[in-house]
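Colleague: attaching a predicted model along with its sequence, questions to come.
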Amino acid sequence: MEKDYQAQQDKRPPQHQARQPGRETAMTPQPVIIRDDYRGSGKLDGKAALVTGGDSGIGRSVAVHFAREGADVAIVYLEESKDAEETKRMVEGEGRRCLLIEGDVRDAAFCRQAVERTVRELGRLDVLVNNAGEQFPKPSIEDIPFEQMEDTFRTNFFAYFAFAQAAVKHLPEGGAIINTTSITAFRGSDHLLDYSATKGAIASFTRSLSQSLAAKGIRVNAVAPGPIWTPLIAATFPAERVEEFGANTPMGRAGQPAELGPAYVYLASADSSYMTGQTLHLNGGQWLGS
C-alpha cells in the first residue's frame with residue numbers, strides 16, 4: 001500500500017480550487033478514503049456518531065471507517081452537496097444509516113440543532129468528531145485582517161466548543177469526543193498564524209475538557225494530522241505548491257485520509273478506554289521538538 005500512496009504523490013498534477021473548503025470531486029488524483037483490505041470487527045456496533053466536515057477528506061474517511069465498524073453516522077457539511085451525497089453512498093454501502101446535515105458551523109445555534117437532530121433521527125449519540133476547518137495562508141501578521149482571525153476561530157474552534165457543549169448531555173458513559181487539531185499546533189507555521197492558533201486552542205481544549213468529563217466516563221482525545229491530501233489543500237495553496245504538497249516529510253509524501261480513519265476508530269472505541277486528554281500524531285515522521 002505504501003507504494004500506492006507514493007504513486008499518488010508522484011502523479012499529482014498542479015491544481016487549485018477557488019473556494020474553501022474545496023470539493024473532493026474536483027481533485028486529481030482522488031484521495032484514498034479507506035483501504036480495500038480494511039476489515040471491520042464490530043468495534044462500534046450499535047453506536048451513532050456525528051462528524052463535522054464529514055463530506056470529504058479526513059471527515060469522509062472517519063465516517064466510512066465508523067460505518068465499517070458498525071456505526072450509524074451523521075455528517076455536517078457547509079454546502080458541498082455532491083461530496084456529501086457520495087459520503088452517504090459510501091456509508092450506506094457499509095450497511096449503515098447516514099444523515100446529512102447542511103449548515104454553517106460558525107452559527108452556534110446550528111451546532112446545537114445538528115446535535116439534537118442527530119439524536120432525534122439516529123436515536124442516540126455516542127461519538128462526536130469535531131473536524132470541520134478552514135485556513136487562509138498569509139505571509140505576515142500584518143497581512144491578516146482581524147476579521148479573518150475572528151472567522152477562523154469561529155469555524156475552527158468556537159464550533160468545536162458549541163458542538164461539545166450540546167453533545168455532552170447526550171453522550172453516555174463510554175462515549176467519546178475526538179477533536180482534529182494539527183501539527184501546526186505543536187510546530188507552528190509562519191504562514192498560518194491564525195489557523196495554528198486555533199489548532200493550539202483545540203489541543204488545550206482537549207486536555208481541559210478531558211479532565212472535566214472524566215468523572216462522567218466520557219473520553220476526550222485529539223488527532224494531529226500532518227500534510228494530508230484533502231480538498232482543503234487544493235483550495236488553500238497555489239497550484240505549484242499543491243503539486244509538491246507533503247514531499248518534504250521524512251516519508252517523502254503527503255498522507256491519505258485512509259491512513260487517519262483507523263486512528264479515529266481507535267479513539268472512538270473501547271480499545272482506547274484508558275486514554276483521555278491525549279493527541280495522536282500522524283504526520284509522516286515530522287519532528288515536533290525544538
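Modeller: Sure thing, it's come through.

Colleague: avg pLDDT for stretch 90-105?
Modeller: Per-residue pLDDT over stretch 90-105 has a mean of 98.

Colleague: cool, stretch 178-192 as well?
Modeller: 96.

Colleague: who touches that stretch?
Modeller: Under the contact criterion Cβ atoms under 8 Å, 6 or more residues apart in numbering, stretch 178-192 has outside partners 53, 58, 127-131, 133, 135, 137-139, 160, 195-196, 199-200, 202-203, 205-206, 220-226, 264, 267-268, 279, 281, 283, 286, 288. Backbone N, C-alpha and C define where each C-beta goes, glycine included.

Colleague: that one spans what distance, first to last residue?
Modeller: 23 Å (Cα to Cα, to the nearest Å).

Colleague: now do stretch 132-151
Modeller: Taking Cα to Cα, the first and last residues of stretch 132-151 lie 13 Å apart.

Colleague: quick one: it to chain centroid distance?
Modeller: Taking Cα atoms, centre = their mean, to the nearest Å, one finds the center of stretch 132-151 at 20 Å from the center of the full chain.

Colleague: quick one, phi psi at M251?
Modeller: Taking degrees, to the nearest 10, you get phi -80, psi -10 for the backbone angles of M251.

Colleague: residues near it, how many?
Modeller: A total of 18 residues lie near M251 under the criterion other Cβ atoms under 10 Å.

Colleague: and R35, by the same measure?
Modeller: For R35, which is what you asked about, the neighbour count (other Cβ under 10 Å) is 15.

Colleague: E243 versus the spatially most central residue of the chain, what's the distance?
Modeller: Within the chain, the residue whose C-alpha comes closest to the C-alpha centroid is N131; the distance, by Cα atoms, centre = their mean, is 3.3 Å. Distance, N131 to E243, using Cβ to Cβ, to the nearest Å: 25 Å.

Colleague: contact partners of the helix ranked longest in the chain?
Modeller: Secondary structure assigned by DSSP state H gives helix 193-213 as the longest helix of the chain. Residues outside helix 193-213 that contact it (Cβ under 8 Å, 6+ apart): 130, 133-136, 138, 141, 144, 148-149, 152-153, 156-157, 160-161, 164, 168, 177, 179-182, 184-186, 188-189, 219-222, 224, 276-279.
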